[in-house]
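Enquirer: what would the 3D arrangement of this be:
(2 chains)
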Amino acid sequence: MQTSTTSRKVWLWLVVLLLLFMVMTYFTVSKEPEEYPDYVSESPSPTGVKAMYTYLDSENIPVNRWSDSPSLLTKQDEDQVLILIEPYFIPDRQDMEAYETFMEAGNTILLLATNPDGIFGLKTSPVTAELDEEEAVYNQAGREFQAEKNSPVRIQINDGDEELLYDEVETMALKRPIGNGELIVANAPEWITNDRLLSKDHLPLISMLLPEDLQDGYTVLIDEYSHVTGNASTMNELYPKWLLTFALQGILFIIILLVHQGKRFGPIRVAREETVRFSDERISALSAWYQKGKRYHDSLNLQADYVKLLLQERWGIPYRKAWVDTAEQLERKWKTTSQADIETFLNGLYRVLSNERVSKQEYLVWSKRIDVLRKGVEEG
Amino acid sequence: MTKSLKNLWARLLFRDRGILPSSRLLGLFLVFSFAVTLVTITGVSWMWVFIVNGLFLLLTFLDLLYAPKKQQLTFHRTIPMELERGNVYTVKVDIHNLSTYAVKFKLLDGLPQSFQTALPLTGKVDRQATLTTFYEITAPIRGKYEVQKLYVRYTSLLGLWEKQITVDMVDEVKVIPDLTDAKQYLESAQQFLMYEGLKIRKQKSAEGEFSQIRNYVVGDDPRKINWRQTAKLQEIMTNEYEPEHGKYITILIDCGRMMGAELKKGNLLDKVLEAALTVTAAALKNGDYVAVLAFSRDVKVFVPPEKGMDHMQRILQAIYHLEVDASESNYPAVLNYLQTVQKKRSLVLLFSDVHTFLHEESGLLYLKRLRRRHLFLMIGIENRDLLDKTKLEPNNVQTAMMKSIAQQQIQIKKREKANWERQGLLMVEATEERLATAAVSHYIHIMNQGLL
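Expert: Numbering: from 1, shown residues only, chains lettered A, B, ... in the order given. As a prediction, this is how the structure comes out:
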């Protein structure tokens, strides 16, 4: 009875704890902000550019998101400004040509990329000089602005390019006429993000990059196509076709191989343990016990006793006789050893056997000496 | 739904039936793959690659049409019902192919795990033909087993896809002790005992019962000359006597813990069973009654005394599967039990481990009581390991200790043995190879002496 009430209590507590946990997770999880990719015009996160989008919108400048392929961009001069912010991938040749056609028709592209190398034929050079903490950026007029400078590269300027912004190292933004339109490049996409747009002089810098007469009939397009993964170069373009085919055939081969190898043939074998019992378990246990107790004296006694019984069985020397008294008979039988040696052996053995304290070294020495006699008896 | 899907998947990979690619198909596919890869360098569409792959697989599947159907192959296995431990036996498998296609096969038998064999078998059966194949098995562990399914993989002669089938054929197999010694004894007792140096002597003069009249040869007792027959046949004839028949022999087999000690081939119990069966054969041939009692903590098997060669089979069936128990043997309980079931005077042969037996203190007391009615003989296997240990070179403390303890055990055994023999209790030790011979010759010796 008691156990049932306690178990019910335990269950109750468990349910309460579970509910509590569920409620907590609901709150913690639901408050977690939604994840956005960087530089997306819909993103209100610090890395997004929604602020710029809404600002332009509120200024009554027609602004749109462009998520289609660049080949669908207008091919006439329609005073459009396309803002490309930090494309995830360098656009492939087709897309690049489409962008160029767009510009040649008389439209503008504003490209903001940390390293615009390779896009629209732009070249960059790395900053070798030590960048100090200075945050100064100068425009054509030489006016100083404060801005973050994170890019490790500076843009190389060509003939015909117009330098818009520079710092103590080199060009940070330039304008390049392409056909009837123009390309504006800056290597600081961080100026346009939501959290930094209003800090330092970022907003004036951005508006300086945009065409001056923006409000007069311009349409701003913020490019999202370059932020869609579909824009990424596919496997198809990265690797040659024969390699891909080879890989495909390899996968098929492995599938066939797996079926070939994996199908069981024959009865199921269970790994089993064979047990082997040795007949020496008793003596190994006893000897370990003697060794731990350092019973060298007892062990020597056992060995001597064994040899004595052997002496009685083989050589007829009475078992009851003391070791010292067997000298005479031993001399007659044990021919490989001299009389003097037998004498010293028996005296030493008597001493060792009557001495309760035997050291390890003595024990080994005497074990060997007794063994010599044993061999003499058994083989002689 | 999911369960049946799982079943299907399990069947595809791990169950007994199914179709699987052969290594030949794998090789062919490799060549095909290289060809396809080479062609794609010239620039063909992905569609082409997929279609060609599909076509290739479809074409190889045509190979399955040229392999027999499952029902068109029949199998039959012939396996001996009784296998002697450690001997080599041949298993016969008949394969009958009813289809119009020849077939290549690979075959595995569902033998118990302890059996040793060289499977799989491979071969080829022509169309509408029967093939008989053989393989050899050795069973090292006694007991009752079941040989279950036969596993077969077969292909057409082209051999791109293999079909796997299993045939349900349950055969019961008993692995019995090695009866080589017993058979040898029954064939020629004298030959069997030759290396023991013991002749099956006839009895002391004027003892035992009359057996036959034969020609007098030099060395026969002249007092035994049958004068009536001599006169009749004009040749010196003599009476021959032999020990009495119909004595009782009780064989005690210890299955306790120490009987599991490993020998060169098999363990102590295996050897003991073989020796016991040889003695049984000898005694039954002699016309004596044999009872067998196997025990460890309790009595495991008791076969009441009976005579005649038929009894041999009964004893064999009762003891062939005996196993070593994990517990120590209980000698007093067994000797007590023996006194209640064996009222007639008999020769009690105890097969056991001498050391364990000697360490049992109450054993002597019970044996003294037993001796009043029965004749007791204990047979053990010499512990060669222990003897070797007494001759160890004492190079370090560990070996010196081991050696001294081994010597101590030998001393104890010698003393105890002398003590027991003083009480009239015989104790014999034999090497593992000579155990059966020693047991039989002691039995014959006792019978010849007419001690029973």
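
Enquirer: give the bridge partners for the nearest residue to residue A:62 once chain neighbours are set aside, please.
Expert: Nearest residue to residue A:62, sequence neighbours excluded (CB to CB, 6 or more residues apart in numbering or on different chains): residue A:219, at 4.6 Å. In this view, the C-beta of every residue, glycine as well, is placed from N, C-alpha and C. On the basis of DSSP bridges, residue A:219 is bridged to residue A:80.

Enquirer: just give me the neighbour total for residue A:219.
Expert: 16 (other CB atoms under 10 Å in any protein chain shown).

Enquirer: distance check, it against residue A:63.
Expert: Taken as CB to CB, to the nearest Å, the spacing of residue A:219 relative to residue A:63 amounts to 8 Å.

Enquirer: give the contact list for the residue nearest to residue A:62.
Expert: By CB atoms under 8 Å, 6 or more residues apart in numbering or on different chains, the contact set of residue A:219 is A:61, A:62, A:63, A:64, A:78, A:79, A:80, A:81.

Enquirer: as JSON lines, those with neighbour count would be great.
Expert: What follows is the contacts of residue A:219, written out as JSON lines (neighbours: other CB atoms under 10 Å in any protein chain shown):
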{"residue": "A:61", "neighbour count": "17"}
{"residue": "A:62", "neighbour count": "12"}
{"residue": "A:63", "neighbour count": "21"}
{"residue": "A:64", "neighbour count": "15"}
{"residue": "A:78", "neighbour count": "14"}
{"residue": "A:79", "neighbour count": "17"}
{"residue": "A:80", "neighbour count": "23"}
{"residue": "A:81", "neighbour count": "22"}
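
Enquirer: just name the closest of these to residue B:153, please.
Expert: residue A:64 (67.4 Å; CB to CB).

Enquirer: residue B:96 versus that closest one, what's the distance?
Expert: Per CB to CB, residue A:64 is found 81 Å from residue B:96.

Enquirer: find the residue at the geometric middle of chain B.
Expert: Per CA atoms, centre = their mean, the C-alpha nearest to the average position across chain B is that of residue B:85, at 2.1 Å.

Enquirer: which non-adjacent residue is nearest that one?
Expert: residue B:178 (4.9 Å).

Enquirer: name the helix or strand for that neighbour, please.
Expert: Counting by DSSP states H and E, no helix or strand carries residue B:178.

Enquirer: what's around it, how many residues?
Expert: Residue B:178: 20 neighbours (other CB under 10 Å).

Enquirer: contact partners for it?
Expert: B:84, B:85, B:86, B:87, B:270, B:274.

Enquirer: switch to 10 Å and redo it
Expert: B:84-87, B:142, B:265-266, B:270-271, B:273-274, B:277, B:436 (CB atoms under 10 Å, 6 or more residues apart in numbering or on different chains).

Enquirer: my read is that residue A:95 contacts residue A:69, right?
Expert: Yes. At 7.1 Å, residue A:95 counts as touching residue A:69 under the criterion of CB atoms under 10 Å.

Enquirer: these two - which one has more neighbours?
Expert: residue A:95 (18 against 14).

Enquirer: just the pLDDT for the residue nearest to the more buried one when sequence neighbours are not counted.
Expert: Once flanking residues are discounted, residue A:95 sits nearest to residue A:70: 5.0 Å by CB to CB, 6+ apart. You'll see residue A:70 listed with a pLDDT of 76.

Enquirer: over to residue A:70: give its phi and psi.
Expert: phi -60, psi -20 (degrees, to the nearest 10).

Enquirer: and it, how many residues sit next to it?
Expert: Count around residue A:70 with other CB under 10 Å applied: 23.

Enquirer: what's it in contact with, if anything?
Expert: Contacts of residue A:70 by CB under 10 Å, 6+ apart are A:82, A:84, A:91, A:94-102, A:109, A:223, A:225-226, A:231.

Enquirer: at 7 Å instead, please
Expert: The contact partners of residue A:70, by CB atoms under 7 Å, 6 or more residues apart in numbering or on different chains, come to A:95, A:98, A:99, A:102, A:225.
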